[in-house]
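K.L.:
The following block contains a protein sequence and its predicted model.
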Amino acid sequence: MTYAVAFIVMFSFTSCDELDELTEFDFNTTINEQLAVSVPAGEALLLNETMVINIVNNDTQDYLDVLQDVTITSFTYQFTNFSGDVNGTIVGDFVADGVVLLSHDMVVKQTVDAGTVFEITDVTTLNTIANKLKAGNDVLIGIVGESSCEEVMSFTIEFSIGLAVTADVL
């Protein structure tokens, strides 16, 4: 009798876990955004260009209330669409909610021409951002620091954040 009760209890816990897994829906999505940056002419000018991102898109909007897990599978960004002072520089940081992701000391046109793709790989930072997105919070992303150029310069920062999402549909 004791074995039968133990078996039933073990079976019921296993069945609940299996049932829970059956109601989970896994999918991947990508947040693709562009931040247009315009820098006035001048030396050592304050640069603070940011934008707000969140997890809401066509893939996620139906599951926002039932998200169980959000993992960032990739996070890259690239400087594109340059115009202006070919010797213009930026010394600063690419940030998310005030946390430095990568530091830069660059001639922007050279970075654009080289097609350099920057990748964020720090697991702790990625998990922090993923948890904020999962909770429905906005994340402020951008570049802060100083710029120097003899004539106005503009460029775009294109970024892509790959997400693996688990939602519990029941």
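P.N.:
Everything's here; your move.
K.L.:
Worst mean pLDDT across the helices and strands of this protein, which element?
P.N.:
helix 2-22 (a mean of 53; mean pLDDT, DSSP states H and E).
K.L.:
which element follows it toward the C-terminus?
P.N.:
strand 24-39 (DSSP states H and E).
K.L.:
What ranges does this protein have for its strands?
P.N.:
Under the criterion DSSP state E, the chain contains strands at 24-39, 42-53, 67-84, 89-96, 99-107, 117-119, 139-149, 153-168.
K.L.:
In the chain, where is pLDDT below threshold?
P.N.:
Applying pLDDT under 70 to the chain flags the ranges 1-22.
K.L.:
if we go to 80?
P.N.:
Where the chain drops to pLDDT under 80, the residues are 1-23, 169-170.
K.L.:
just to revisit the earlier point, do you know which of the strands of the chain lies nearest residue 133?
P.N.:
strand 67-84 (5.4 Å; C-beta to C-beta). C-beta: built from backbone N, CA, C; applies to glycine.
K.L.:
what's the spacing between the closest one and its chain's center?
P.N.:
5 Å (C-alpha atoms, centre = their mean, to the nearest Å).
K.L.:
Could I have the CA atoms of it written out in PDB?
P.N.:
In PDB, the C-alpha atoms belonging to strand 67-84 read as follows (Å, rounded to 0.1, in the frame of the first residue of the first chain):
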ATOM      1  CA  LEU A  67       6.000  35.100 -20.800                       C
ATOM      2  CA  GLN A  68       7.900  32.600 -18.700                       C
ATOM      3  CA  ASP A  69      11.400  33.000 -20.100                       C
ATOM      4  CA  VAL A  70      13.300  35.500 -22.300                       C
ATOM      5  CA  THR A  71      16.900  34.800 -23.300                       C
ATOM      6  CA  ILE A  72      19.100  37.100 -25.500                       C
ATOM      7  CA  THR A  73      20.700  34.800 -28.100                       C
ATOM      8  CA  SER A  74      22.600  37.600 -29.800                       C
ATOM      9  CA  PHE A  75      23.100  41.400 -29.500                       C
ATOM     10  CA  THR A  76      24.900  43.200 -32.300                       C
ATOM     11  CA  TYR A  77      25.100  46.800 -33.600                       C
ATOM     12  CA  GLN A  78      26.800  48.600 -36.400                       C
ATOM     13  CA  PHE A  79      27.400  52.200 -37.500                       C
ATOM     14  CA  THR A  80      25.900  52.900 -41.000                       C
ATOM     15  CA  ASN A  81      24.700  55.700 -43.300                       C
ATOM     16  CA  PHE A  82      27.600  58.200 -42.500                       C
ATOM     17  CA  SER A  83      27.700  61.700 -43.800                       C
ATOM     18  CA  GLY A  84      29.700  64.700 -42.800                       C
END
